[in-house]
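Asker: The sequence isn't on hand, but the structure is:
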């Protein structure tokens, strides 16, 4: 067991308790803790569990180990002198008789007995362009190893590509039973409702919105039109998942299918939701037919659909959830999703670039201006097709092989492999210039 993972900080050279310690260095790296404490000096090492920094205590140079979960931010470079107060730094970093090598071999679980361990995982931007399944997978994989009990998805998205949202839900299902999932919504529009309804709790911040998930497709003229059949299929699938997590399936249908309605009526002192007009005369219409439901935080709280917070802080959220003894797993969710999303975005651009290059060569070959040009186009098409296949294998590894579902144009590998053979035969039959 990693014995020191839950200290706010430890001194590798000094054991015991120090109160009112002043740490200051004129310039160097800066580490800011969540409680406002600031350390300046030279960062010696930085892992997902701890940050080790050389600093000064009462003019004596020393080394301090900080619990990564307590770190709010890290700035490398020039900083200013800042007084620091340390309250009960705890025991030395290493267990008695232990070594750094021994510690690194220890289990990575950060879970403290009797405490919930909470990890925030961001969903910011557009699904399939800024938000990718790989980031969620890497975060949940790390969370399982670290002993996280609760995953809080902080959602601020206007939607995006449904394939990414659906893949994220599948990943969440892979880890079902390992955590409690929570949606902390700032804005959860369109595709964002997929992971939101797959969470065990839904909480909304001030000014939050939730819903509006009608899917569109490109028609023959290049204009977007509502795909009613696909919307109905998706609504039925998501409604079943929502109901399994304790949410009303009527909300899902009203958010996706414009023909559906949602009504609320008080029965037994509680609001009950239904998609049919209640027999009681006193009822509220949350969403009428021919409208797509988008909830405000106030509406959601009124009808018991979601909790409403008065600010966006995780501390406020834990209080609202009744979680008293808890620890924060730190910024690893931001780091893992940021790295994965950047990698996936680059891969997306590479795939799109290859598709464009491939079809440019198709157009060149279709002209048949000369045997030489025709042959060159076939060679280039083969090269681009090979690149495309390699990139799609990479996309599968990064859990984004369905990304081409969102492209207006893609490459049918089987068709074009056969077509290239036909073109090669045609090239052989052409006379030389």
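Answerer: Structure received. All figures in this text were calculated on a predicted structure; none of them were measured in a lab. Numbers count the residues shown, from 1 in each chain.
Asker: all strands for the stretch 251-400 of the chain, in order.
Answerer: Secondary structure of the stretch 251-400 of the chain (DSSP state E, counting those that start in this stretch): strands located at 262-267, 270-274, 284-287, 294-296, 307-308, 326-328.
Asker: any chance of these in CSV, plus mean pLDDT, distance to residue 40 and mean neighbour count?
Answerer: Quick note: C-beta positions are derived from backbone N, CA and C, even for glycine. As requested, the strands of the stretch 251-400 of the chain are arranged in CSV below (pLDDT from 0 to 100; distance: least, Cβ to Cβ, whole Å; neighbours: other Cβ atoms under 10 Å):
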stretch, mean pLDDT, distance to residue 40, mean neighbour count
strand 262-267, 95, 55, 18
strand 270-274, 95, 53, 15
strand 284-287, 96, 53, 18
strand 294-296, 96, 44, 20
strand 307-308, 97, 39, 18
strand 326-328, 95, 23, 18
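Asker: Out of the ones you listed, the one nearest residue 375 is which?
Answerer: strand 294-296 (56.0 Å; Cβ to Cβ).
Asker: so who does residue 404 touch?
Answerer: 351, 392, 410 (Cβ atoms under 8 Å, 6 or more residues apart in numbering).
Asker: same thing but at 7 Å, please
Answerer: residue 410 (Cβ atoms under 7 Å, 6 or more residues apart in numbering).
Asker: Tell me the confidence at it?
Answerer: Among the per-residue scores, residue 404 shows a pLDDT of 91.
Asker: can you confirm it is in a strand?
Answerer: No: membership of residue 404 in a strand is not supported by DSSP: H, G, I helix; E, B strand; the rest coil, which gives helix.
Asker: show me where the stretch 301-433 of the chain has helices.
Answerer: According to DSSP state H, counting those that start in this stretch, the stretch 301-433 of the chain carries its helices in the segments 314-321, 332-367, 371-397, 413-429.
Asker: Export these as JSON lines, with columns for mean pLDDT and mean neighbour count.
Answerer: Converted to JSON lines, the helices of the stretch 301-433 of the chain look like this (pLDDT from 0 to 100; neighbours: other Cβ atoms under 10 Å):
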{"stretch": "helix 314-321", "mean pLDDT": "96", "mean neighbour count": "16"}
{"stretch": "helix 332-367", "mean pLDDT": "96", "mean neighbour count": "17"}
{"stretch": "helix 371-397", "mean pLDDT": "95", "mean neighbour count": "16"}
{"stretch": "helix 413-429", "mean pLDDT": "93", "mean neighbour count": "12"}
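Asker: can you redo the strands of the stretch 251-400 of the chain as JSON lines with distance to residue 38?
Answerer: Output for those, formatted as JSON lines (distance: least, Cβ to Cβ, whole Å):
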{"stretch": "strand 262-267", "distance to residue 38": "49"}
{"stretch": "strand 270-274", "distance to residue 38": "47"}
{"stretch": "strand 284-287", "distance to residue 38": "48"}
{"stretch": "strand 294-296", "distance to residue 38": "39"}
{"stretch": "strand 307-308", "distance to residue 38": "33"}
{"stretch": "strand 326-328", "distance to residue 38": "18"}
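Asker: who wins for proximity to residue 425 among these?
Answerer: Of all those, strand 294-296 comes closest under Cβ to Cβ, at 56.6 Å.
Asker: what lines up beside that closest one in the sheet?
Answerer: strand 201-211 (antiparallel) (DSSP bridges).
Asker: And the strand it pairs with, how far out from the chain middle?
Answerer: 17 Å (Cα atoms, centre = their mean, to the nearest Å).
Asker: Flag every buried residue along it.
Answerer: For strand 201-211, a neighbour-count test (16 or more other Cβ atoms under 10 Å) marks 201-205, 208-211 as buried.
Asker: rewinding a little: who wins for proximity to residue 55 among the strands of the stretch 251-400 of the chain?
Answerer: strand 326-328 (22.9 Å).
Asker: Partner strands of the closest one and their direction?
Answerer: Sheet partners by DSSP bridges: for strand 326-328, these are strand 116-127 (parallel).
Asker: what's next to the helix or strand following the strand it pairs with, contact-wise?
Answerer: Moving toward the C-terminus from strand 116-127, the next helix or strand (DSSP states H and E) is helix 133-146. If you take Cβ under 7 Å, 6+ apart as the criterion, helix 133-146 is touched by 108-110, 119, 121, 151, 164, 167-168, 171, 175, 178-179, 329, 332-333, 336-337, 340-341, 344, 398-400.
Asker: tell me the average confidence for stretch 133-145?
Answerer: Mean predicted confidence for stretch 133-145 is 97.
Asker: Show me which residues of that stretch are buried.
Answerer: 133-140, 142-143.
Asker: Let me have these in JSON lines, extended by distance to residue 43.
Answerer: As requested, the buried residues of stretch 133-145 are exported to JSON lines (distance: Cβ to Cβ, whole Å):
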{"residue": "133", "distance to residue 43": "32"}
{"residue": "134", "distance to residue 43": "28"}
{"residue": "135", "distance to residue 43": "25"}
{"residue": "136", "distance to residue 43": "29"}
{"residue": "137", "distance to residue 43": "29"}
{"residue": "138", "distance to residue 43": "24"}
{"residue": "139", "distance to residue 43": "24"}
{"residue": "140", "distance to residue 43": "28"}
{"residue": "142", "distance to residue 43": "21"}
{"residue": "143", "distance to residue 43": "25"}
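Asker: What does the pLDDT read for the residue nearest to residue 160 when sequence neighbours are not counted?
Answerer: Leaving aside its chain neighbours, residue 160 sits nearest to residue 127 (3.2 Å; criterion: Cβ to Cβ, 6 or more residues apart in numbering). Confidence at residue 127, expressed as pLDDT, is 97.
Asker: For stretch 234-243, buried residues please.
Answerer: Neighbour count says stretch 234-243 has 234-235, 238-239, 241-242 buried, by 16+ other Cβ under 10 Å.
Asker: Show me the domain layout of the chain.
Answerer: Listed by automatic domain parsing, the domain ranges of the chain are 9-105, 116-330, 338-429.
Asker: Which elements pack onto the helix or strand encompassing residue 165?
Answerer: Element membership for residue 165 (DSSP H and E) is helix 162-174. Applying 3 or more Cβ pairs under 7 Å, 6 or more residues apart in numbering; DSSP states H and E, one finds that helix 162-174 contacts helix 133-146, helix 193-197.
Asker: gap between the shortest one and the chain center?
Answerer: When you say that, I think you mean helix 193-197. 12 Å.
Asker: Selecting buried members of the contacts of helix 133-146 in ChimeraX, what would you type?
Answerer: Selecting only the buried entries of these in ChimeraX, with 16+ other Cβ under 10 Å as the criterion:
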select :110,119,121,151,164,167,168,171,175,178,179,329,332,333,336,337,340,341,344,398,399,400
